[in-house]
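Enquirer: pasting the sequence and the predicted model now:
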Amino acid sequence: MCQPDTGAGLVPPVKRAVTGLIAAGLLASLAVSPVQAAGLSRTPAASARHNPYGSPGKPLAVTRTVRITALDTLRFSPVQIQVHTGQTVRFLIYNSGRLTHEFVIGNRAEQQAHEARMEAHPGMKMAREPNGVTIPPGHTATLIWHFPEHAGTVEFACHEPGHFNAGMVGHIDIVPAGGHGKRRGKNTETAALPDG
Ligand SMILES: [Cu+2]
């Protein structure tokens, strides 16, 4: 159906006027209805086709391993890392706390959308989300991620209730592979592992 202005997904003019007055974060929440939620597990994959922040990587393509710790202080350590454009990274995320944490990769828009989904469905599991993992206390989870060919910044975040809003988010700077940082050994987490 290609009729203009009558699609089910369009916001009525009145509602549009109202939401225009509301903060962007709240708007994102409103955009996620229970009906839409049924198909939401496909959203990250669909986004990945446009590749704004990368896509799930293949184990054989991994050229670097990065260890990140999730803390009950609602922080990640390290909170900022740097990768190369087009690089495939194996993230090993250790949950050192007693709370469950998540590690979700995405740009700001994806993080906000994910937060809205989690608020709508508190018990939602990460298993069906290709861009994230849930890490039980004391466990280490693995996520292999292929970063896009263009430079930029993406985020990794935890969307357990309250954690994202408390600041459990880190940043990944994607820099050109030919730029500074030819010595991969500069990253201690890489130097300590055989992935090279
Ligand atoms: Cu958390």
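Expert: Looks like it arrived, so ask away.
Enquirer: how about the residues of this structure by the ion?
Expert: Contact residues, the chain versus the ion (Cβ under 5 Å from the ion): His101, Cys158, Glu160, His163, Met168. Bear in mind the C-beta positions are built from the backbone N, C-alpha and C, glycine included.
Enquirer: give me that answer again for 6 Å
Expert: Within reach of the ion by Cβ under 6 Å from the ion, the chain has these residues: Ala70, Leu74, His101, Cys158, Glu160, His163, Met168.
Enquirer: ok, the last one - contacts?
Expert: Residues in contact with Met168 (Cβ atoms under 8 Å, 6 or more residues apart in numbering) are Ala70, Leu74, Arg75, Phe76, His101, Ala157, Cys158, Glu160.
Enquirer: redo that, cut-off 7 Å
Expert: Leu74, Arg75, Phe76, Ala157, Cys158 (Cβ atoms under 7 Å, 6 or more residues apart in numbering).
Enquirer: and the gap between it and Thr153?
Expert: As defined by Cβ to Cβ, to the nearest Å, Met168 lies at a distance of 17 Å from Thr153.
Enquirer: with the second one instead?
Expert: Shown here: Leu74 relative to Thr153, a distance of 21 Å by Cβ to Cβ.
Enquirer: neighbour-wise, which of these two wins?
Expert: Leu74 (19 against 14; other Cβ atoms under 10 Å).
Enquirer: now do the contacts for that one.
Expert: Counted by Cβ under 7 Å, 6+ apart, Leu74 has contacts His163, Ala166, Gly167, Met168.
Enquirer: let's see that with 6 Å instead.
Expert: By Cβ atoms under 6 Å, 6 or more residues apart in numbering, the contact set of Leu74 is His163, Ala166, Met168.
Enquirer: return the subset of those lying in strands.
Expert: Counting by DSSP state E, no part of the contacts of Leu74 is found in strands.
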